[in-house]
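> give me a model of this one.
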Amino acid sequence: MKLAVVGSINMDMTVTAERIPLKGETLRGDSISLIPGGKGANQAVAMAKLGAEVEMFGCVGDDSNGKMLLENLKKAGVKTEHIQISKGKPTGIAMITVAENDNTIVVVPGANAAVDKFYIDSIKPYLEAYDMVVLQHEIPLETVHYVVDFCAEKKLQVVLNPAPAAEVPMDIIEKVTYVTPNEHEAVLIFGEGQSTEELLRSYPEKLIITQGSRGVSACLRSGELLHVPARKAKVADTTGAGDTLNGAFCVRRAAGDDLKAALLYANTAASLSTEKFGAQTGMPTAQEVEKELGL
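Okay, the predicted model is just below:
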């Protein structure tokens, strides 16, 4: 299985505190860490740790953070040959507060904004060599839609994780193989007129809605609703759990698992990831997930 990720590469500046601060409030933090992140890079690392052959496509700045992130991806087993170093631009940064078994995140895109149509044109021949292309919303949305159009033209499987939340044209939804919003993102994309169950039945084996501590839901082609409850976890840090789920799902679908088996595997991997600190550092290996599933 060969997977390509086109997306963001960030340095996460993570602060732990007793609780999330209120508007206008100043709190004393417990610790601060610089941890590799970005939704695109997170999903690529999750896939690599689960045994997939994966390449990351995106941009970093010509700064120390960019060098650290490239080395980290290589160390994780992710191919980086076509990541562009954007001169004069800072590497993207995510400022994360972790508290109360949850987090808040502010992202400064930096070099991620350079993942534009010209960059995509330069990597199209390489994307065609992959079985599946995975996208998120931390690069320009017009670029995301441009890649979806290209994948549809070339009949490449494409997975869209529409996070952070943004509107998605219906023709893009029709062209992707899978779209994986959380409940809030699903409402923004599809509106409030339908229940979750009605939405899922409208897009069988395409729409996958993640529901945090309640698990993940989809609909089979038969019309049967599928809900995979979340595994109970001793939560240390939820950062990157959604990225782990998306990465693990892509790995197992590319490997040939049916939808139910892929979602069970992905949900388990995401739960395991919350038991360690940091997005990428907490992501489990294939052996750890298989052990938990009793495989």
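
> rest of the way, CA atoms for contacts and neighbours
Will do.

> residues touching stretch 115-125, excluding its own?
When contacts are defined by CA atoms under 8 Å, 6 or more residues apart in numbering, stretch 115-125 is touched by residues 7, 58, 59, 82, 139, 140, 142, 143, 146, 147.

> just the buried residues out of those, in PyMOL syntax.
For the buried members of the contacts of stretch 115-125, the matching PyMOL selection, counting by 16 or more other CA atoms under 10 Å, is:
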select buried, resi 7+58+59+139+140+143+146+147
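
> mind listing what the nearest residue to residue 184 once chain neighbours are set aside touches?
Excluding the flanking residues, the one nearest residue 184 by CA to CA, 6 or more residues apart in numbering is residue 165, at 7.5 Å. By CA under 8 Å, 6+ apart, the residues touching residue 165 are 137, 184, 185, 188.

> retrieve the pLDDT associated with the third one.
According to the predicted model, the pLDDT of residue 185 comes to 96.

> how much space separates it from residue 266?
Relative to residue 266, residue 185 is positioned 19 Å away (CA to CA, to the nearest Å).

> which residue packs closest to residue 66, ignoring adjacent ones?
Among residues not flanking residue 66 along the chain, residue 60 sits closest, at 5.1 Å (CA to CA, 6+ apart).

> number of residues surrounding the one you found?
Neighbour count for residue 60, taken as other CA atoms under 10 Å: 30.

> now residue 159. Its backbone dihedrals?
Residue 159 adopts backbone torsions of phi -110, psi 130, taken as degrees, to the nearest 10.

> correction: residue 94
phi -120, psi 130.

> which helix or strand contains the residue nearest the centre of the chain?
Nearest to the geometric centre of the chain sits residue 243, at 3.5 Å (CA atoms, centre = their mean). For residue 243, the enclosing helix or strand under DSSP states H and E is helix 241-254.

> with residue 66 instead?
For residue 66, the host element (DSSP H and E) is helix 64-76.

> and the contacts of the helix or strand that comes right after that helix?
Using DSSP H and E, the helix or strand that follows helix 64-76 in sequence is strand 84-86. The contact list for strand 84-86 (CA under 8 Å, 6+ apart) reads 57, 58, 59, 60, 61, 62, 66, 111, 114.

> still on that earlier bit, tell me the two of the contacts of residue 165 that are most distant?
Greatest spatial distance in the contacts of residue 165: 137 and 184, 14.4 Å, computed using CA to CA.

> the strands in the stretch 1-150 of the chain, which residues?
2-6, 10-16, 31-37, 53-57, 59-61, 84-86, 92-99, 102-108, 132-135 (DSSP state E, counting those that start in this stretch).
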